[in-house]
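Chemist: next one to model:
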Amino acid sequence: MTKSSIAMAETEKFSANNYHPLPVVLTEGKGVWVRDVDNHRYLDMLSAYSSQNFGHCHPRIVRVLTEQAKRLAVTSRAFYTDKFAEFSKVISNFSGMDKVLPANGGAEAVETAIKISRKWGYESKGVEKGSAEIITCEGNFHGRTTTIISFSTEHQNKNSFGPFAPGFRNIPFGDSGALDRSITKNTVAFLLEPIQGEGGIVIPPCGYLREVRSICRKNNVLLVMDEIQTGMGRTGFDFAYQEEDRFGGAKPDMLILGKALGGGMLPVSAVLADDKIMGVLRPGDHGSTFGGSPIACAVAIEAINVLREEKLSNNAKDMGRYFINRLKKIPSPLIKEVRGRGLLIGLELYPKAGGGRRFCEVALENVILCKETKENVIRFAPPLTINESQLDWSLERIKKVFRILEKEN
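Modeler: Numbering: from 1, shown residues only. Predicted structure coming up:
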């Protein structure tokens, strides 16, 4: 048996069957490239669902990680630490928000934002206790906890996991009028992704974020943006909402970050808001043993520094524009649409292509790592460090994938 087959067999034997991975066993990564245990090299076009915005094992982030690990890794928030103080200042300045509440994974941060929104609703807006309602969008993906799946519209996310948490209402994504019609006296927040990632790389109409910002302000409702996947440069801006905020009026009341905030090294997430919102929290209301640990803070600080100093948001914008234009020129009858912003790109296939899973399997055989979402949408989201020649290299192999699939169909 090969090293790969042994590792896959052991995984299937001892691990819960909650993922359906492609048949490759990765063991090493550097920049945009990864290697498997049999020493085959692949171009990573998924970036761990945008956690690897800086490329695998970025030397600056690795150095900070190892240096901090030798000094002080975890203390809990029972004590002050120098790194948490520095992180709080850096990320507050970076985001333009007054205060941060740190967490670990993205779903934990979303849960945190839900708690803050409800407490704000009761203590600041005056909503009757136990009646707070949060509006969310159809096609959303904010995580997999029991509270979060309660407002999912994806059947598998909810199947056999009930009963579900009340207090949520779904409306169509991209329809500002639906938001205006759905707000009641009990509405405390509108939670959305500025671009739906797991939902199929769905981009709302131009002006949508500014419109919902205005509606929320008019009705004293918090606008909460989940930028766990779209933030940290992925869409060509530090935060995706900034594409519209260039004209003013799109900044959220609360911002949720994760994934790439951990520099591709650690699970680090954060909820950011101004004093008037964060001020509802008091000691004991919320906490996280590992959230805000010195090692997490050190890595997140360096991730922000790398994003800025290496101008990765700008590179994502330029390379994304280039890659999208080149993908649109592939003359295949299997391609329904190419859409995206920056380096968050969705290539939608017609059903006759045999499904997104089949595309990814053939891409793997041609040393490209990508993953389908919504069955027929291929998500291309390479590290933001990728360059034009590497994209050209990938395009030749993607064209080959289409030639193979066209022969099969």
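Chemist: pull out the CA atoms of the helix of greatest length in the chain and give them to me as PDB.
Modeler: For the chain, the longest helix by residue count, based on DSSP state H, is helix 388-408. The C-alpha trace of helix 388-408 is given here as PDB (Å, rounded to 0.1, in the frame of the first residue of the first chain):
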ATOM      1  CA  GLU A 388       0.100  36.000 -12.900                       C
ATOM      2  CA  SER A 389       2.400  33.200 -14.000                       C
ATOM      3  CA  GLN A 390       1.000  30.800 -11.400                       C
ATOM      4  CA  LEU A 391      -2.500  31.700 -12.500                       C
ATOM      5  CA  ASP A 392      -1.500  31.000 -16.200                       C
ATOM      6  CA  TRP A 393      -0.100  27.600 -15.100                       C
ATOM      7  CA  SER A 394      -3.400  26.800 -13.400                       C
ATOM      8  CA  LEU A 395      -5.500  28.000 -16.400                       C
ATOM      9  CA  GLU A 396      -3.800  25.500 -18.800                       C
ATOM     10  CA  ARG A 397      -4.700  22.700 -16.400                       C
ATOM     11  CA  ILE A 398      -8.200  23.900 -15.900                       C
ATOM     12  CA  LYS A 399      -8.700  24.000 -19.700                       C
ATOM     13  CA  LYS A 400      -7.500  20.400 -19.800                       C
ATOM     14  CA  VAL A 401     -10.000  19.500 -17.200                       C
ATOM     15  CA  PHE A 402     -12.800  20.900 -19.400                       C
ATOM     16  CA  ARG A 403     -11.500  19.000 -22.400                       C
ATOM     17  CA  ILE A 404     -11.600  15.700 -20.400                       C
ATOM     18  CA  LEU A 405     -15.100  16.400 -19.000                       C
ATOM     19  CA  GLU A 406     -16.400  17.400 -22.500                       C
ATOM     20  CA  LYS A 407     -15.300  14.000 -23.800                       C
ATOM     21  CA  GLU A 408     -17.100  12.200 -20.900                       C
END
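Chemist: list the contacts of that helix.
Modeler: 32, 43, 45, 319, 322-323, 326-327, 330, 332-335, 353-354, 358-359, 362-363, 366-368, 382 (Cβ atoms under 8 Å, 6 or more residues apart in numbering). Just so you know, the C-beta spots here come from the backbone N, C-alpha and C atoms, and that holds for glycine as well.
Chemist: tell me what residue 349 is bridged to.
Modeler: Beta bridges link residue 349 to residue 335 when assigned by DSSP bridges.
Chemist: ok, it to residue 409 distance?
Modeler: In this view, residue 349 and residue 409 are 10 Å apart by Cβ to Cβ, to the nearest Å.
Chemist: before we move on, the earlier item: out of the contacts of helix 388-408, list just those in strands.
Modeler: In strands, defined here by DSSP state E, the members of the contacts of helix 388-408 are 43, 335, 368.
Chemist: show me what contacts the last one?
Modeler: What that stands for is residue 368. If you count contacts by Cβ under 8 Å, 6+ apart, then residue 368 has 42, 43, 45, 394, 397, 398, 401 around it.
Chemist: tell me the one among the residues you listed nearest to residue 342.
Modeler: residue 45 (13.9 Å; Cβ to Cβ).
Chemist: can you report how many residues lie near the closest one?
Modeler: Residue 45 has 27 neighbouring residues, counting by other Cβ atoms under 10 Å.
Chemist: ok, now how distant is it from residue 341?
Modeler: Distance of residue 45 to residue 341, given as Cβ to Cβ: 16 Å.
Chemist: quick revisit: any of the contacts of residue 368 buried? List them.
Modeler: Among the contacts of residue 368, those scoring as buried are 42, 43, 45, 394, 397, 398, 401 (criterion: 16 or more other Cβ atoms under 10 Å).
Chemist: from those, pick the one nearest residue 214.
Modeler: For the buried ones among the contacts of residue 368, the nearest to residue 214 is residue 45 (36.9 Å; Cβ to Cβ).
Chemist: pretty sure that closest one sits against residue 367.
Modeler: No. Using Cβ atoms under 8 Å, residue 45 makes no contact with residue 367, being 10.5 Å away.
Chemist: after the one helix or strand residue 4 maps to, next one along is what?
Modeler: For residue 4, the element it lies in under DSSP states H and E is helix 3-14. Where DSSP H and E defines the elements, the next helix or strand beyond helix 3-14 is strand 26-30.
Chemist: alpha carbons of that following strand, in CSV - could you do that?
Modeler: Taking Å, rounded to 0.1, in the frame of the first residue of the first chain, the C-alpha atoms of strand 26-30 are listed here in CSV:
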residue,chain,number,x,y,z
LEU,A,26,-1.3,16.5,2.2
THR,A,27,1.8,16.8,4.3
GLU,A,28,3.7,20.0,3.4
GLY,A,29,2.9,23.5,2.1
LYS,A,30,4.8,26.6,1.0
